[in-house]
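Q: Pasting the sequence and the predicted coordinates here, then a few questions.
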Amino acid sequence: MAQRRNWTTGYLHFEVESGLIQMEQLMNRRMVRLMLFLAGIAMIFGQPTNSFAFGGPSLKAQLAAAIAGVQRGKPSRAGQAEHMADVAKHIDPELVDDQMLLQMEALLETRDDAVRAWVAASLGNLGPRAKRTIPSLLKILPEVDCQPMGLTSAPFIRAAIARMGEKPPPRPECRTLHKRG
């Protein structure tokens, strides 16, 4: 087995009878793991990552793109809505204009509760700037409060209302009926 160094790419290459085995894949996997680890550390300590520079106009464009992605539903509405909540966490709320708030509020009308949860989180991340959306959030609560599903948008809605500076309504007592077999 002959070994040579390819200094143009900085990776080791090994020539074997069956072909060329490249260490590039191993190095790339290690780099990806390192990058994910560092991004996780940044999220834990609340430091913005490069894609979320300190609330500038690029964040406004990212938020607009995320809103459009949820409206179009491609590739995943819930995934786009989650991204919207993440961007809203880092943006200066004063950069969000009334038109964007109206578009975000309109997204609450969907029947997809996962999308509603992330939209509520997005609005909550904007704090008092999104206070005008509280009536729409309160309208959804009775529908989702006592659903038999494990997780609904109800806790997201209550948290959003609290982050906007208002006291959310208390959770009602829900009684479920179980059929006996």
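A: It's in. Remember, it's a predicted structure, so these values are computed and weren't measured experimentally.
Q: Which strands and helices lie in contact with whichever strand or helix holds Gln62?
A: Per DSSP states H and E: Gln62 is located in helix 57-72. Applying 3 or more C-beta pairs under 8 Å, 6 or more residues apart in numbering; DSSP states H and E, one finds that helix 57-72 contacts helix 77-90, helix 98-106. Glycine gets a C-beta too; all of them are placed from N, C-alpha and C.
Q: mind listing what the closest residue to Leu126 other than its chain neighbours touches?
A: Computed as C-beta to C-beta, 6 or more residues apart in numbering, the closest residue to Leu126 that is not its neighbour in sequence is Pro93, at 4.5 Å. Residues near Pro93 by C-beta atoms under 8 Å, 6 or more residues apart in numbering: 126-130.
Q: Need those residues in a markdown table (columns: neighbour count).
A: Compiled in a markdown table, the contacts of Pro93 are given as follows (neighbours: other C-beta atoms under 10 Å):
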| residue | neighbour count |
| --- | --- |
| Leu126 | 25 |
| Gly127 | 14 |
| Pro128 | 11 |
| Arg129 | 19 |
| Ala130 | 25 |
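Q: Closest to Leu101 out of those residues?
A: Ala130 (6.1 Å; C-beta to C-beta).
Q: Pretty sure that closest one sits against Gly124.
A: Yes. The criterion here is C-beta atoms under 8 Å, and Ala130 meets it with Gly124 at 7.4 Å.
Q: joint contacts of the two?
A: 160, 164.
Q: quick one: the strands in this structure?
A: Applying DSSP state E to the chain gives strands spanning 2-6, 11-16, 19-22.
Q: Now Gln80. Nearest residue, chain neighbours left out?
A: Gln80 sits nearest to Gly69 (C-beta to C-beta, 6+ apart), 3.5 Å away.
Q: count of residues packed around that neighbour?
A: Neighbours of Gly69 under the rule other C-beta atoms under 10 Å: 18.
Q: Cool, thanks, talk later.
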